[in-house]
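Q: missing the sequence, but the structure's below:
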Ligand SMILES: Cc1cc2nc3c(=O)[nH]c(=O)nc-3n(C[C@H](O)[C@H](O)[C@H](O)COP(=O)(O)OP(=O)(O)OC[C@H]3O[C@@H](n4cnc5c(N)ncnc54)[C@H](O)[C@@H]3O)c2cc1C
């Protein structure tokens, strides 16, 4: 009897073992099948560029990751730190802004995301292959992507710290060298009467207007005017710009309303800046005593201790094949910010040809692209992007007799710590409002930008 019971128990045990074996094998096989099928749906997104456009878009997508499904963002940047370059015209003046307010480590800003979702790669994109959907980077690796966001921005023509240089160390060193040179110089020539030149001259003069000679040399190029007026005419606008409103004749900030240029010119003169209009620096030669001799387009020469060229921004697009670039080297995009002719590639910020190179437009593009990518990954159609075609244009969108949207070019600039000016479309903004809004040059936004809490 006992023997029968023992045999029955053993048979039951065996049966349980067999059932368990089948169950578990099937279970593990199912897990294996599940994970095998999960990996193809995992979307690999590469973001090139760790500045305003790249960082904000990466955060905007990662924060919605739960709504999208499995994804991994790899951010490729040659800089370890975000550089708040918008404050650089004040940053070049010694003792004005501490390094910690201009530089912030990027990787730490993304530490809240799991490693499976985000990776920071310290490298530079060197070769884009849109057919193979891969990017060759400076470490020698090749990264494959499902989706690519190009946000590599622009750089200054001259080796100046108004934009990020080759690495964070290089940018920081250049900034410190600039500060030392400013401190020593008795004469400083700033060349270029665009926003950067006017802001830099204003900041230098606010601090040193009485003890150093600050000269702003700017050319009012009639070609730029005629081009701009043509652009104004060909764009749809419910608020067309009257060409007589655009600054003309020898002045500064030429793509601005005349009232803005005049205000800025007066503010610079109040700070004792000598403004030389209608001329440009043709060449600069080093003199034996350490000074520089500048030759101007009108034939004059200027001897100066320090020369600061501020004209000429170039898109960082050398790794992108020529068919995707316009004659200026900007990436050509369609109304969805997709790179024309390339599958699953988008370009935003200064590197793209979509609108004027400003933080404010770059941020709108970033928010729009992030929304579209989330829609796309949820099988919803993307929405077209509304372009503010020119800084001077305002486009009203009226549906059923109701104003539903207003897209206008906007520009604000600081002239020293107290004066400022700007415009919205062709309307000049009240100076005290711009001065109040821009008094810190927004450095307090760097932390929340890098850690994503701003979005
Ligand atoms: C002095 C100055 C002041 C300004 N002030 C204002 C302002 O007050 N308001 C405003 O609206 N706009 C302002 N702007 C314009 C604004 O700064 C730009 O529109 C903005 O920087 C664009 O951001 P971005 O991310 O597209 O490019 P960028 O800021 O140019 O950044 C591009 C990033 O990509 C990296 N990169 C470059 N090449 C590669 C590569 N091959 N691979 C990977 N990464 C790469 C760069 O190192 C950099 O970090 C100012 C510009 C300047 C120069």
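A: Cool, got the structure. Fair warning: this is a prediction, and the values are worked out from it, not measured in the lab. Residues are numbered from 1 along each chain as shown.
Q: C-alpha only now, for contacts and for neighbours.
A: Fine.
Q: can you list the residues of the stretch 101-250 of the chain near the ligand?
A: For the stretch 101-250 of the chain, the residues in contact with the ligand (CA under 6 Å from any ligand atom) are 124-126, 151-155, 162-164, 196.
Q: Out of the residues you listed, which sit inside helices?
A: Counting by DSSP state H, those place residue 196 in helices.
Q: Let's have the residues of the stretch 101-250 of the chain next to the ligand in CSV, adding pLDDT and neighbour count.
A: Below are these laid out as CSV (pLDDT from 0 to 100; neighbours: other CA atoms under 10 Å):
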residue, pLDDT, neighbour count
124, 98, 21
125, 98, 25
126, 98, 16
151, 98, 29
152, 98, 27
153, 98, 28
154, 97, 20
155, 96, 21
162, 97, 26
163, 97, 18
164, 97, 26
196, 93, 22
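Q: Check which residues of stretch 354-370 are buried.
A: For stretch 354-370, burial by neighbour count (16 or more other CA atoms under 10 Å) applies to 354-357, 361-370.
Q: out of those residues, which touch the ligand?
A: Within the buried residues of stretch 354-370, those near the ligand by CA under 6 Å from any ligand atom are residue 357.
Q: min pLDDT across the buried residues of stretch 354-370, which one?
A: pLDDT across the buried residues of stretch 354-370 is lowest for residue 356, at 84.
Q: so what's residue 339 closest to, chain neighbours aside?
A: In space, and not counting its chain neighbours, residue 339 is closest to residue 333: 4.3 Å by CA to CA, 6 or more residues apart in numbering.
Q: ok, back up a step: which ones among the buried residues of stretch 354-370 lie within helices?
A: Going by DSSP H, the helices hold 361-370 from the buried residues of stretch 354-370.
Q: biggest separation within the buried residues of stretch 354-370, which pair?
A: Within the buried residues of stretch 354-370, 356 and 370 form the most distant pair, 19.9 Å apart (CA to CA).
Q: distance between the helix or strand harbouring residue 413 and the chain's centre?
A: According to DSSP states H and E, residue 413 maps onto strand 410-415. Relative to its chain's centre, strand 410-415 lies at 17 Å (CA atoms, centre = their mean, to the nearest Å).
Q: Tell me the one of the ones in helices among the buried residues of stretch 354-370 nearest the ligand?
A: Nearest to the ligand, judged by CA to the nearest ligand atom, of those is residue 362 at 6.0 Å.
Q: List the contacts of the residue nearest to residue 339.
A: Each residue near residue 333 by CA atoms under 8 Å, 6 or more residues apart in numbering is listed here: 339-340, 346-347, 352-354.
Q: Would you mind naming the helix or strand containing residue 259?
A: helix 258-270.
Q: So which residues make contact with the strand holding residue 413?
A: Under CA under 8 Å, 6+ apart, the answer for strand 410-415 is 195, 198-199, 201-203, 264, 267-268, 360, 391-392, 420-425, 434-435, 438-439.
Q: For the chain, just list every one of the helices.
A: 2-41, 52-62, 65-68, 88-91, 106-109, 168-184, 195-208, 222-234, 258-270, 359-377, 431-438, 446-450.
Q: which one of these has the lowest average pLDDT?
A: helix 222-234 (a mean of 34).
Q: Residue 122 reaches residue 74, doesn't it?
A: No - Residue 122 lies out of contact with residue 74 (CA atoms under 8 Å); the separation is 10.3 Å.
Q: Does residue 210 touch residue 272 like I think?
A: Yes - assessed by CA under 8 Å, residue 210 is found in contact with residue 272 at 7.3 Å.
Q: More neighbours: the two, which one.
A: Of the pair residue 210 and residue 272, residue 272 is the one with more neighbours under other CA atoms under 10 Å, namely 19 against 12.
Q: In contact with the more buried one, which residues?
A: Per CA under 8 Å, 6+ apart, neighbours of residue 272: 205, 209-210, 214.
Q: Could you report the distance from it to residue 418?
A: According to CA to CA, to the nearest Å, residue 272 and residue 418 sit 14 Å apart.
Q: just residue 296 next, same as before
A: Relative to residue 418, residue 296 is positioned 31 Å away (criterion: CA to CA).
Q: same question, residue 300
A: In terms of CA to CA, residue 300 sits 33 Å off from residue 418.
Q: Compare the two (neighbour count), which wins?
A: Shown here are residue 300 and residue 418; by other CA under 10 Å, residue 418 has more neighbours (15 against 10).
Q: can you count the residues close to the single nearest residue of the stretch 201-350 of the chain relative to the ligand?
A: Closest approach between the stretch 201-350 of the chain and the ligand, counting by CA to the nearest ligand atom: residue 349, at 3.3 Å. When counting by other CA under 10 Å, one arrives at 29 neighbours for residue 349.
Q: That one touches residue 149, doesn't it?
A: No - counting by CA under 8 Å, residue 349 does not reach residue 149; the two are 10.5 Å apart.
Q: need the contact list for residue 378.
A: residue 68.
Q: For it, report the pLDDT, please.
A: In this model, residue 378 carries a pLDDT of 91.
Q: before we move on, what about residue 280?
A: 86.
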